[in-house]
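Trainee: heads up, no residue letters with this:
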């Protein structure tokens, strides 16, 4: 299993990407179990991508902050 994690933003604005290839590792089962639990979809949950001036953030419904939830509701309720 190939696991890739990317991080961007922060104070310094440094983007970081790291990969772990679990094949052949003695601790492969631990890594793979953690990965499966971490990306387990929320049953009947929504996933959001909020893009503001070209910058995007991907969020599962359970991870929305109060401000993100308010923004999502306001935008989705707005009639064009």
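Mentor: Yep, that arrived. This one's a predicted model, so the numbers in the text were calculated from it and none came from an experiment. Numbering: from 1, shown residues only.

Trainee: name the element residue 51 belongs to?
Mentor: strand 47-52 (DSSP states H and E).

Trainee: how far off centre is stretch 67-80?
Mentor: How far stretch 67-80 lies from its chain's middle: 20 Å, per C-alpha atoms, centre = their mean, to the nearest Å.

Trainee: for that stretch, which positions count as buried?
Mentor: Neighbour-count burial for stretch 67-80 flags residue 72 (criterion: 16 or more other C-beta atoms under 10 Å). (Glycine included, C-beta is placed from N, CA and C.)

Trainee: what does it rub up against?
Mentor: Identification of contacts with stretch 67-80 by C-beta atoms under 8 Å, 6 or more residues apart in numbering yields 48, 50, 59, 64.

Trainee: how about those, which pair is most distant?
Mentor: 50 and 64 (9.3 Å; C-beta to C-beta).

Trainee: so which of these two has more stuff around it?
Mentor: Higher neighbour count among residue 50 and residue 64: residue 64, with 17 against 14, using other C-beta atoms under 10 Å.

Trainee: ramachandran angles for that one?
Mentor: phi -70, psi 130 (degrees, to the nearest 10).

Trainee: wait, it sits on residue 47?
Mentor: No. Counting by C-beta atoms under 8 Å, residue 64 stays clear of residue 47, with 10.4 Å between them.

Trainee: circling back to that earlier point, okay, the contacts of stretch 67-80 in JSON lines with distance to residue 10 next?
Mentor: As requested, the contacts of stretch 67-80 are exported to JSON lines (distance: C-beta to C-beta, whole Å):
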{"residue": "48", "distance to residue 10": "21"}
{"residue": "50", "distance to residue 10": "18"}
{"residue": "59", "distance to residue 10": "17"}
{"residue": "64", "distance to residue 10": "20"}
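
Trainee: so for the residues you listed, which is the shakiest by pLDDT?
Mentor: Taken together, the contacts of stretch 67-80 show their lowest pLDDT at residue 59, with 85.

Trainee: now do the contacts for the residue lying closest to that one once chain neighbours are set aside.
Mentor: Leaving aside its sequence neighbours, residue 59 sits nearest to residue 48 (C-beta to C-beta, 6 or more residues apart in numbering; 5.0 Å). Under the criterion of C-beta under 8 Å, 6+ apart, the neighbours of residue 48 are 58-61, 64, 68, 72.
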